[in-house]
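In: Here you go, sequence then predicted model.
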Amino acid sequence: MKNYYSEIEKKIVVENDPFEFCSSSDFLPIDIANKAETEFVDFDKTIGSGNERYQKLKRGFSDYSKMPSTVKEIIDFFYSEKFIKILENKFNLKNILPDWTLQGGGMSQSFNGGYLKVHSDFLHKRKSKHRRVLNLLLYLNTDWKSEWKGALELWDKNMATCKKKIDPIMNNCVIFRTDQGSNHGFPDPIQCPNNVNRKSIALYYYIEEKSLLPLTIKKRELFHAVWKKRPGINEPVFSDQNTFFKRLKNKFFFRFF
């Protein structure tokens, strides 16, 4: 994919509603996407991801060194200086940094009955001055049917309206700005056959925040996903399982790093 940058740049067209994002089909050369999907199907090292209250039947893998070769090639491309420069120009950002630790990202798959509730992502790693600014999702699901659900939903800041639904079909790519209002997920249970799963590669990009102070303080809620309720639906949020004092602590207390 060394000579593919000019082609990929044309495919990234940024929209602004409900927040800055682009959604593009046929994003990578199809032979590369097909190889990655085949490797994903044969890969048996994914592990359970997180609390099933919010992300049921979801598995992932984030150790780059142990990933299949084509998946690594794709990550190399998306984390290359040339691709990052394209992202900086398209999203009006400077000095974007890749995250080779793949914290919270990497290979991801969800199975029949699985879901990922609507949320905004963690924005800071603990003990770090890096702030997450972009998410990239590449889907690897040949012949995915819309009736199976699993579409990525983009919601407005106030969780009043779902503004966009993007099916996780083969070689679809979604890139979006991350902040406290970039609400997204696939909150309704997938209804795919048991021999099928929803596969994606998730990558995150950061910038380093500058400070003249030796210590920086941040609200605790910036270090974890914040789960959101859709209107008219009884769903969990991050704080409703906590005591009153813990909710107060999460809202008003700060963490030094």
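Out: That came through fine.
In: where does Asn183 fall, phi/psi-wise?
Out: phi -80, psi 130 (degrees, to the nearest 10).
In: Spatially nearest residue to it, not counting backbone neighbours?
Out: Closest residue to Asn183 apart from its sequence neighbours, by C-beta to C-beta, 6 or more residues apart in numbering: Trp155 at 3.9 Å. Just so you know, the C-beta spots here come from the backbone N, C-alpha and C atoms, and that holds for glycine as well.
In: contacting residues for that neighbour?
Out: Applying C-beta atoms under 8 Å, 6 or more residues apart in numbering to Trp155 gives the contacts 18, 118, 161-163, 183-184, 228, 230.
In: So what touches stretch 182-192?
Out: For stretch 182-192, the external contacting residues (C-beta under 8 Å, 6+ apart) are 18-19, 56-57, 110-121, 135, 144-145, 147-157, 159, 168, 176, 198, 228, 230, 235.
In: How about stretch 80-98?
Out: 5, 8-9, 12, 14, 20, 22, 77-79, 130, 133-134, 175, 177, 203, 205-208.
In: Just the buried residues of these.
Out: Neighbour-count burial (16 or more other C-beta atoms under 10 Å) applied to those gives 8, 12, 20, 22, 77-79, 130, 133-134, 175, 177, 203, 205-207.
In: Now, those that are in helices?
Out: 8, 77-78 (DSSP state H).
In: Out of the contacts of stretch 80-98, which sit inside strands?
Out: 22, 130, 133-134, 175, 177, 203, 205-208 (DSSP state E).
In: residue ranges of the strands in the stretch 101-250 of the chain, please?
Out: For the stretch 101-250 of the chain, the strands defined by DSSP state E, counting those that start in this stretch occupy 106-110, 116-120, 130-139, 152-155, 162-166, 173-177, 183-186, 198-208, 217-219, 226-227.
In: follow-up on the earlier one: and which of the contacts of Trp155 is nearest Thr70?
Out: Nearest to Thr70 among those: His184, at 26.2 Å, using C-beta to C-beta.
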